[in-house]
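Peer 1: sequence and predicted structure below; questions after.
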Amino acid sequence: MRRLLTLFNLLMVAYVVAPIVLVVWMSFTPTMLFEVPIRSFSLRWYEELFSYDAFIDSAWLSLRLGLISALAATALGFLAAYGLVRGRPPGAGALLGLFTAPLIVPAVVYGIAMLQFTNLVGLYGAFPALVAAHVVIVLPFAVRTLLASLEGQGPELEWAAMSLGARRRHAVLLVTLPLCLRGMVSAFLFCFLISFSEVTVTLFMAGPAHQTLPVRIFNYVSDRIDPTMAAVSALVVLVSVALVLVLNRLGALAAVRK
Amino acid sequence: MGGAPAGLEARSLVKRFGATTAVDGIDIAVRPGEFFTVLGPSGCGKTTFLRLVAGILAPDGGSIRIGAADLTQAPIWARNIGLVFQNYALFPHMTVAQNVGFGLAMRRVPRADRGPRIARALETVRLDGYGGRRPSELSGGQQQRVALARAIVIEPDLLLLDEPLSNLDARLREDMRSELADLKHRLGITTILVTHDIHEAFSLSDRVAVMRAGRVEQVGAPTELYELPANRFVAGFLGPVNEWTGRVGAIADGTAEVEFAGLRSCRVPALAGWRGGDEATVILRPERLGLTAASAAGEGAVVGRIDQVAHLGNLVNYRVAAGGRALLAQAPAGRTGRFALGDRVAVAWDDADLAPVAP
Amino acid sequence: MISGAAGRSALGIRLGGSVWLFLGPALLLMLAAYLAPLFDTTIVSLHPNRPTGIDRDSWTIANYLRLLDTYYGEVLLRTLRVSLLITLFSVLLAYPVGVWLAGLGPRGQAWAILVYMSPWFVNAVVKSFGWTLILGNRGLVNRGLQSLGLIDSPLRLMLNETGIVIGLLPGHFLFVLLPLWAALKGLDGNLRWAAMTLGARPWQVFLRVTVPLTLPALLAGAIINFTMNMAAFAAPALLGGTRTRVLSFIAYQVNLEELNWPFGGALAVAMLVVTLGFVMVAQGLTRGGLGGGRR
Amino acid sequence: MGPIRRSSFLRLAFGAALAAAAAGGAAAQPANKTVYFLTWGGTVQQTLEKEGWGKKFTEATGYTVQLVPKATGPEIIAAAVAQKDNPQVDVVQSDLLPFLSGDDQGLFRPIDVKDIPNIAKLASVARINPNAIMTYGDVMAIIYNHEVFAQKKWAEPKAEWGELMRPEFRGSLVLPPVNTTYGLYGLITLARVHGGSEHEIGPGFDALKKLAPGIVEWPTTFARMGQFLQDGSAAVGFYSSSSAAEMARRGVPVKYVVPKPLFFTGTAAGIMKNAPNPEGAKAFLNWWISKEVMTFRAERYGNVTMNTEVTSNPIPIAALNEMQRVDYATVNARRADWIKVFEREVLPLK
């Protein structure tokens, strides 16, 4: 029985990783065509990629966008999670629902809404609008991760600090925040990862000056297909895997499953 | 700070959570320097009371005074209270010394003065030299003592202990209890202990308040409570008890003759309001019941058969079926005078040990 | 009671009114950059589209009536069909994977879950491209089967709904697997033994104990899975082809190629309503019927 | 609340929230040194970014060009319309047809020889209207995978549009869908081949319906079509001759024929009204239609360029006089209806 399960899972794993492995493999082809299996090994498309400014620019943009939105989302997420856990305001359930709504509401819907709305308020293609959208998209992950870490902490430590004479801000800064550090780092990396690979909303609303890496890849692929995109994808996979490994060490992946 | 110890006066305290009233009009006055325990089963409102005093919760009614100051609306950080939590609530990211020094830092005690005070506090709880450790490197008992040091280093007006020993295993609890008893004498801080453990309460306290369902049932010194419980709840809560209900006969000079079906009649101090013919309840602690072999039954003894024996190490509990009742008796475990299940025994008692209780 | 409420903030231990200082920033962001755009789109969808742009002075429900047209109805049905199929397969596959995972050691679990998570961290465009290398007429599968002599002409594995299902399943499967895995891990092991001492066979234990206890988690995952399927955009575009368009791609076309924002808005609203409607029904089922009494 | 009041309220609320950040973002961008060029990726991207012409532009004028690539003509114009009130691109280039519909919406500003001297060198057909010029164009071609043809022993296609209807091509065809420019031209062409025209489109649809079941896929872009032709999933399609040449250059085993009558697909360019960098835009457009750049496009990509000084055009500009003329106004007016018919009656046929 167990053996059967293991066999099944091996097949399943193969199914799950096959396209990714194939793309990475494809990035080493020396020819312009996609032929599986590749006959020899070459770094030609990586060289091509690094001499291609547009991809590099997009990568920087994605990096910047990811860092800013992850930072903002972590900060907002911490404040919100703190308010929800310690304040238990009326309608806390509805508020949590709102903060995590971007998980349920289809990204296309939000993309359309942002496309139309940024035009309405005259911020179409503005970087801050893009940041705002990315913060909205990643906020659910930050709130959830930090909610878990705050709930795990309990209020006693803060009470202890306050009974020793600390004001709330001191208690939060000196006790709660340091103890949430692991959660903060996880939330940050998580948000970065999501923002870094977000394509749908960005495709709809980002102005011409802001083509993130995934959008650049999407545009590139709709226009031409050569192994350059396999190379850039392989690099993105590499970065993602590295981040995921860090996240895994931090035990943060468990927070997604709720 | 650090002057003469202050007392606590809680007057008609009320705290509701939605529809339930957790604290229902409590009046408690703790004398300066006193070690006062609030005792009660879980859910009786004792922790809520403690949190009201600490300032973690705000009362829905009533007032709290510490010393001369009315602190009912004062924020927690302004109350100068030492608080020891059930789970210690040590800051896991700080060393022991940083934990203990936290309150001093918050009080802006100059850095130079903090060191000696931290050292002194750690010395008081016999943890000198542990300042550089992390809480996670300490045993439960040591963590407990750090929590204590952290609470007393700020020289609080009032020390609040929330079931401080309940997370320790039996032996450690015994040690900590005696240590607390020592500390109590050395520090002289007004202390309120909240617990459900009678031994803890009795071995440490000057006075104890027994709580039930948000109200104080009785306040008094431990022996007073044990010997003269105000009612059946207090009597039963403080330990196993024989509770007999009978009928009042003649009352003379404050002493009533009470008739118990199946037992002999007894002379009991009459409660105010008893009349001839009334139902009366008296209690008798098991250790006051004497057991002898049935053959050696004295006058007034009741003969019965042992139907349950429980050995507790230093004590033996017996249940005797006699006169249609189950009588509980406790005797020291000794080589002699042991009885076995089914033995016929005579049960005797002194009427002076009977305490009348209100229903 | 009034003094209690006032006292609460005075004490400062409860957040009281200052809770809004903490919730405020996130709430403002969600209002300004989430609810407002969604609201605006709803409004836009009620205006007519003119060659010169959106006519904000008149109101109409024509954009919604257009949704009833057979072409869009078909697209909607297809989207629902594909989404439900993926959810169904995900649920079916989740138990064998979840049970196997729960039986591994902690390190093994961490690695295995990482592998199952990997598609989630890879751009949908890239994954879809990988799938075309596998599923295409001259892809790995068809060439493999042909060289084995099992088929003469290539199987059509993409540019249809099959392609969308195959391509979306691995990434979205995760959202069913993770909650189920957590629930399986949280299951009290003694329940198994208890059931077995009472005479249940392993498969009976699975059906009568494991499944009922993990069903709420499974359904919660299935809901997320479904919404993800409904929203998927890049993969259906690349794997479904021009004949097999799904709602999200049509929405893209209408908004970005035809530039008909009012109708695009109506498509968005319809998508939102359908998705949330399904979620609510599913949640009602979970709460009322299956998970009744829990929590 | 009326729509105008509401919109100004929202503008205020949202604008205020992000104003500071927006100001920061704007300041961070290099002021007026960059020309944003909204057009396809593909060969234009290759020219500017990989083949070094972007750098040459900078050397020549001091401006830098930033390409804003979109996949199809309608998407290019859609992107332009989306930023109509607050343009972020300067120069727009797309298929003639969507470009003209964009012009109808008032996207573009007048351009003339005073600002852009090279306009004088363009052929007269290139001066479409005061706001638009044709830069270059392509002739439509039937593209086929010659390896598949050899294998199946099919005759090479003749230079006639009717070849598309050959029965053996069933199951091997890839055609662009009608909602793309090339698909639209395909429809018109098929209508003409069968006795109709853009005014009488019925025969075109009849032909498409006949072809539809034998069509592997309706790829929306040249890249997608190339993929199908490359891996042998399909053998015959049609697209522009320059795309076909590029496909062959990339190693895809395809050849192409240009059927008569010639069907010329023009590429139009113009400058956005209120472009953020109007001077740069003029400089770029002038440079883009210059003899050097256009000669390169003609030689490298087989474009039929409109610059009369270019001598290496694959087809002499004079030949364009015999080309099919399309009534753009009619086509633009009917386009939406045709797409509807296509989506409902042709696409579902398998």
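Peer 2: That came through, no problem.

Peer 1: only C-alpha atoms from now on, for both contacts and neighbour counts.
Peer 2: Fine.

Peer 1: phi and psi next, for whatever residue of chain B ends up closest to chain D.
Peer 2: When distances are taken as C-alpha to the nearest C-alpha, chain B approaches chain D most closely through B:Pro75, which lies 35.0 Å from it. Backbone geometry at B:Pro75, expressed as degrees, to the nearest 10, gives phi -70, psi 160.

Peer 1: gap between it and B:Gly62?
Peer 2: Relative to B:Gly62, B:Pro75 is positioned 16 Å away (criterion: C-alpha to C-alpha, to the nearest Å).

Peer 1: same check on B:Asn314?
Peer 2: Distance from B:Asn314 to B:Gly62, by C-alpha to C-alpha: 47 Å.

Peer 1: more neighbours, those two?
Peer 2: Comparing B:Asn314 with B:Gly62 by neighbour count (other C-alpha atoms under 10 Å in any protein chain shown), the higher total belongs to B:Gly62, at 15 against 9.

Peer 1: that older thread, tell me if I'm right that the residue of chain B closest to chain D and B:Gly55 touch.
Peer 2: Yes. Under the criterion of C-alpha atoms under 8 Å, B:Pro75 makes contact with B:Gly55 at 6.2 Å.

Peer 1: more crowded one of the two?
Peer 2: Between B:Pro75 and B:Gly55, counted using other C-alpha under 10 Å, B:Gly55 has the larger neighbour count: 28 against 24.

Peer 1: state the number of residues packed around the nearest residue to the more buried one once chain neighbours are set aside.
Peer 2: Leaving aside its sequence neighbours, B:Gly55 sits nearest to B:Ile76 (C-alpha to C-alpha, 6 or more residues apart in numbering or on different chains; 4.6 Å). Other residues near B:Ile76 number 31, with proximity taken as other C-alpha under 10 Å.

Peer 1: ditto for the one 3 residues further on
Peer 2: Other residues within reach of B:Arg79, judged by other C-alpha under 10 Å, total 24.

Peer 1: go on, C:Val91?
Peer 2: Applying the criterion other C-alpha under 10 Å, we find 21 residues in the vicinity of C:Val91.

Peer 1: pull the contacting residues for it.
Peer 2: Contacts here follow C-alpha atoms under 8 Å, 6 or more residues apart in numbering or on different chains; on that basis C:Val91 touches C:Phe173, C:Val176, C:Leu218, C:Ala222.

Peer 1: return the residues in contact with C:Ala235.
Peer 2: Counting by C-alpha under 8 Å, 6+ apart, C:Ala235 makes contact with C:Ala124, C:Val125, C:Lys127, C:Ser128, C:Ile164, C:Gly167, C:Leu168.

Peer 1: which residues of the stretch 1-150 of chain C lie near chain D?
Peer 2: Within the stretch 1-150 of chain C, the positions adjacent to chain D are C:Ala32, C:Ala33, C:Pro51, C:Thr52, C:Arg56, C:Asp57, C:Tyr71, C:Gly136, C:Asn137, C:Arg138 by C-alpha under 8 Å from any C-alpha of the partner chain.

Peer 1: please check those and keep the buried ones.
Peer 2: Under a neighbour-count criterion of 16 or more other C-alpha atoms under 10 Å in any protein chain shown, the subset of these counted as buried comprises C:Ala32, C:Ala33, C:Arg56, C:Tyr71, C:Gly136, C:Asn137, C:Arg138.

Peer 1: so for the second one, what's the pLDDT?
Peer 2: To tie it back to what came earlier, the one meant is C:Ala33. At C:Ala33, the pLDDT value in this model is 92.

Peer 1: hmm, A:Val135 and it touching each other?
Peer 2: No. C:Ala33 is beyond contact range of A:Val135, at 9.3 Å (criterion: C-alpha under 8 Å).

Peer 1: just to be sure, which of the residues of the stretch 1-150 of chain C next to chain D are found in helices?
Peer 2: Counting by DSSP state H, the part of the residues of the stretch 1-150 of chain C next to chain D found in helices is C:Tyr71.

Peer 1: excluding residues flanking it in the chain, which one is nearest B:Lys184?
Peer 2: In space, not counting the residues next to it along the chain, B:Lys184 is nearest to B:Phe35; the distance is 7.4 Å by C-alpha to C-alpha, 6+ apart.

Peer 1: where does the chain dip in pLDDT?
Peer 2: Since no chain was named, I'll use chain A. Segments of chain A classed as low confidence (criterion: pLDDT under 70) are A:33, A:35-36, A:207-208, A:222-225, A:251-258.

Peer 1: let me rephrase: I mean chain B.
Peer 2: Across chain B, residues meeting the criterion (pLDDT under 70) sit at B:1-4, B:335-337.

Peer 1: how about the residues of it by chain A?
Peer 2: By the criterion of C-alpha under 8 Å from any C-alpha, the positions of chain B lying close to chain A are B:54, B:56, B:76-85, B:89-93, B:102-104, B:106-107, B:151, B:154.

Peer 1: let's go with 6 Å and repeat that
Peer 2: Proximity of chain B to chain A (C-alpha under 6 Å from any C-alpha of the partner chain) is limited to residues B:Ile76, B:Trp77, B:Ala89, B:Gly103, B:Met106.

Peer 1: tell me which two of the residues you listed sit farthest apart.
Peer 2: Distance extremes for those: the farthest pair is B:Ala89 and B:Met106 at 17.0 Å, using C-alpha to C-alpha.

Peer 1: between the two, which has more neighbouring residues?
Peer 2: Neighbours per residue, other C-alpha under 10 Å: of B:Ala89 and B:Met106, the larger number sits with B:Ala89, 22 against 18.

Peer 1: show me what contacts that one?
Peer 2: Under the criterion of C-alpha atoms under 6 Å, 6 or more residues apart in numbering or on different chains, the contact list for B:Ala89 reads A:Glu156, A:Leu157.

Peer 1: am I right that it is in a helix?
Peer 2: No. Counting by DSSP: H, G, I helix; E, B strand; the rest coil, one finds B:Ala89 to be coil, located in no helix.

Peer 1: let me see the backbone angles for it.
Peer 2: In this entry, B:Ala89 is assigned phi and psi values of phi 50, psi 50 (degrees, to the nearest 10).

Peer 1: mind jotting down where the helices sit in the stretch 101-250 of chain C?
Peer 2: Here the stretch 101-250 of chain C has its helices, by DSSP state H, counting those that start in this stretch, at C:106-117, C:124-135, C:140-147, C:161-186, C:189-197, C:202-205, C:211-231, C:234-240, C:247-252.

Peer 1: do the shortest one and chain A meet at all?
Peer 2: No. No part of helix C:202-205 sits close enough to chain A to count as contact by C-alpha under 6 Å from any C-alpha; the gap is at least 10.7 Å.

Peer 1: what residue in chain C comes nearest to chain D?
Peer 2: Taking C-alpha to the nearest C-alpha, chain D has its nearest neighbour within chain C at C:Glu257, 4.8 Å off.

Peer 1: any idea how far the closest residue to that residue other than its chain neighbours lies from D:Gln105?
Peer 2: Once flanking residues are discounted, C:Glu257 sits nearest to D:Glu75: 4.8 Å by C-alpha to C-alpha, 6+ apart. D:Glu75 sits 15 Å away from D:Gln105, going by C-alpha to C-alpha.

Peer 1: same question, D:Gly42
Peer 2: D:Gly42 sits at a distance of 27 Å from D:Gln105 (criterion: C-alpha to C-alpha).

Peer 1: what's the span of stretch C:28-46 from first residue to last?
Peer 2: Note: stretch C:28-46 ends 26 Å apart using C-alpha to C-alpha.

Peer 1: so for that stretch, what gets flagged as buried?
Peer 2: Taking 16+ other C-alpha under 10 Å as the neighbour-count basis, stretch C:28-46 is seen to contain the buried residues C:29-38, C:40-46.

Peer 1: quick one: that stretch to chain centroid distance?
Peer 2: Taking the mean of its C-alpha atoms, stretch C:28-46 sits 22 Å from the chain's own mean (C-alpha atoms, centre = their mean, to the nearest Å).

Peer 1: what about D:Thr330, neighbour count?
Peer 2: For D:Thr330, the tally of surrounding residues (other C-alpha under 10 Å) stands at 11.
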